[in-house]
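>>> With the input below, show me the fold.
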Amino acid sequence: MNQKNIEQRSLVIGCIWLFAMGVAALTAYFSTRLEALFVDAYFTLITLTTALLSIVISKISTQVSKRFPNGLFVLEPLYAFFQSLLTIVLLLISLMTVSSKAYQYFVYGHGQLLNIAPVIPYEIVMVILSLTLSWFYQLQNKKIHNISTLLSAETKGAMIDGVMSAGIGAAAFFILFIDKKSPLSFLLYTGDSFITVIIVLFIIRIPLRIMKNALIEISGGLTQDQGIKSFIERAIQSHLTTDFSIDDCKIYKVGMSFKACISISSRTDMVDTKKLTTYKKNILNDLSRKISFINIIFIYSNIGEKS
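Next up, the predicted model:
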């Protein structure tokens with residue numbers, strides 16, 4: 001099974017998993033009317049929607065045409081960027097919603113006693129499901145040497161879902177032991193607001209990091225994956241003979257597609273292009289063990305100079 005097939009199969013399984021989680025989340029929200037559970041449910045459904053889109057992108061990114069001879073791999077980091085942007089927007093909206101609820105309670109004394117009892121068993125289940133899904137995505141991406149931008153984004157998304165569920169569950173468990181006459185009794189009305197704020201502040205850096213890496217890929221920056229970079233460089237060096245020396249090697253990554261620009265020097269006055277073509281073929285065969293989509297470009301420099 002090639003890398004794209006593994007990626008697409010993993011995304012389909014993830015969508016089925018997310019659908020079940022979304023139904024459970026909505027059921028729990030309408031049963032308790034907790035704002036934090038609404039955020040949890042909405043986030044799960046947003047993740048499901050974007051995951052369905054990721055399947056489409058995974059299928060079309062390899063398609064080549066006269067206009068796009070190298071495929072549409074740029075759609076993969078674009079997806080990761082906008083999925084993370086949507087996550088940040090959702091987190092900020094939830095932050096404003098719960099802040100408004102807390103404001104209403106502390107300023108005007110308006111608020112409802114939180115229905116905590118059903119939350120804890122639900123959140124335990126959601127934490128297990130979310131973190132298992134995150135682990136599944138990570139495991140599948142590891143099978144293809146962690147080069148899938150789509151699976152990487154979905155891994156982080158599922159992890160965020162799990163962290164949110166864990167935080168809400170922990171808060172609910174704590175609130176169970178608060179007496180109505182306690183100085184902390186305000187948490188019986190606003191506890192979900194405080195935990196939502198804490199969770200948002202804690203996890204918002206994750207989508208920001210994904211957006212940063214996606215922008216690097218979209219703008220043609222060098223790959224940030226040092227493991228893949230070292231693997232490609234070793235493969236190139238192992239096949240070039242003493243006729244050539246490597247002056248520089250730049251590795252670019254866009255989605256699951258790679259490009260290696262290699263600046264080489266020849267110790268002779270002539271460059272044997274036939275020999276270089278053979279080297280390139282052997283290098284690509286070697287790299288295909290880990291990377292399905294890669295192009296190698298040789299750039300000649302210092303021809304005839306002695307080293």
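
>>> Next up, phi/psi of Ser263, please.
phi -90, psi 120 (degrees, to the nearest 10).

>>> Pull the number of nearby residues for it.
A count of neighbours around Ser263, defined by other CB atoms under 10 Å, yields 16. To be clear about C-beta, it is placed using only N, CA and C from the backbone, and glycine gets the same treatment.

>>> Can you give me the pLDDT of it?
With respect to pLDDT, Ser263 has a value of 86.

>>> Quick check: it touching Ser245?
No: Ser263 lies out of contact with Ser245 (CB atoms under 8 Å); the separation is 9.8 Å.

>>> can you tell me which residues contact Ala166?
123, 127 (CB atoms under 8 Å, 6 or more residues apart in numbering).

>>> and it, what element?
For Ala166, the element it lies in under DSSP states H and E is helix 149-175.

>>> That helix: how far from the chain's middle?
Centre-to-centre, helix 149-175 and its host chain are 14 Å apart (CA atoms, centre = their mean, to the nearest Å).

>>> Which positions within that helix qualify as buried?
For helix 149-175, a neighbour-count test (16 or more other CB atoms under 10 Å) marks 149-169, 171-172, 175 as buried.

>>> give me every residue that touches the nearest residue to Ile144 once chain neighbours are set aside.
Once flanking residues are discounted, Ile144 sits nearest to Gln3: 4.3 Å by CB to CB, 6 or more residues apart in numbering. Counting by CB under 8 Å, 6+ apart, Gln3 makes contact with 144, 147-148, 256, 292.

>>> now, among the residues you listed, which is nearest to Ile232?
Among the contacts of Gln3, Ile147 lies closest to Ile232 (CB to CB), at 11.2 Å.

>>> And the helices in the stretch 51-200 of the chain, which stretches?
With DSSP state H, counting those that start in this stretch as the criterion, the stretch 51-200 of the chain has helices at 75-108, 119-143, 149-175, 187-203.

>>> Tabulate those helices (CSV), appending mean pLDDT and distance to Val12.
Shown next, in CSV, are those (pLDDT from 0 to 100; distance: least, CB to CB, whole Å):
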stretch, mean pLDDT, distance to Val12
helix 75-108, 85, 16
helix 119-143, 90, 11
helix 149-175, 84, 12
helix 187-203, 79, 26
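
>>> what's the most buried one of the ones you listed?
Per-stretch averages of neighbours, counted by mean count of other CB atoms under 10 Å, single out helix 149-175 among the helices of the stretch 51-200 of the chain, with a mean of 23.

>>> Taking their axis directions, that helix and helix 75-108 sit at what angle?
Interaxial angle of helix 149-175 relative to helix 75-108 (axes from the mean of the first three to the mean of the last three CA atoms, to 10 degrees): 20 degrees.

>>> Find the helix or strand that Asn295 is a member of.
Using DSSP H and E, Asn295 falls in strand 293-301.

>>> and that strand, C-alpha only, in CSV?
Only the C-alpha atoms of strand 293-301 are listed here, as CSV (Å, rounded to 0.1, in the frame of the first residue of the first chain):
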residue,chain,number,x,y,z
PHE,A,293,6.9,12.1,-4.4
ILE,A,294,10.3,13.7,-4.8
ASN,A,295,12.2,15.5,-7.5
ILE,A,296,15.9,16.1,-7.7
ILE,A,297,17.6,19.0,-9.4
PHE,A,298,21.3,19.2,-9.9
ILE,A,299,22.9,22.7,-10.2
TYR,A,300,26.4,22.7,-11.6
SER,A,301,29.1,25.0,-10.2
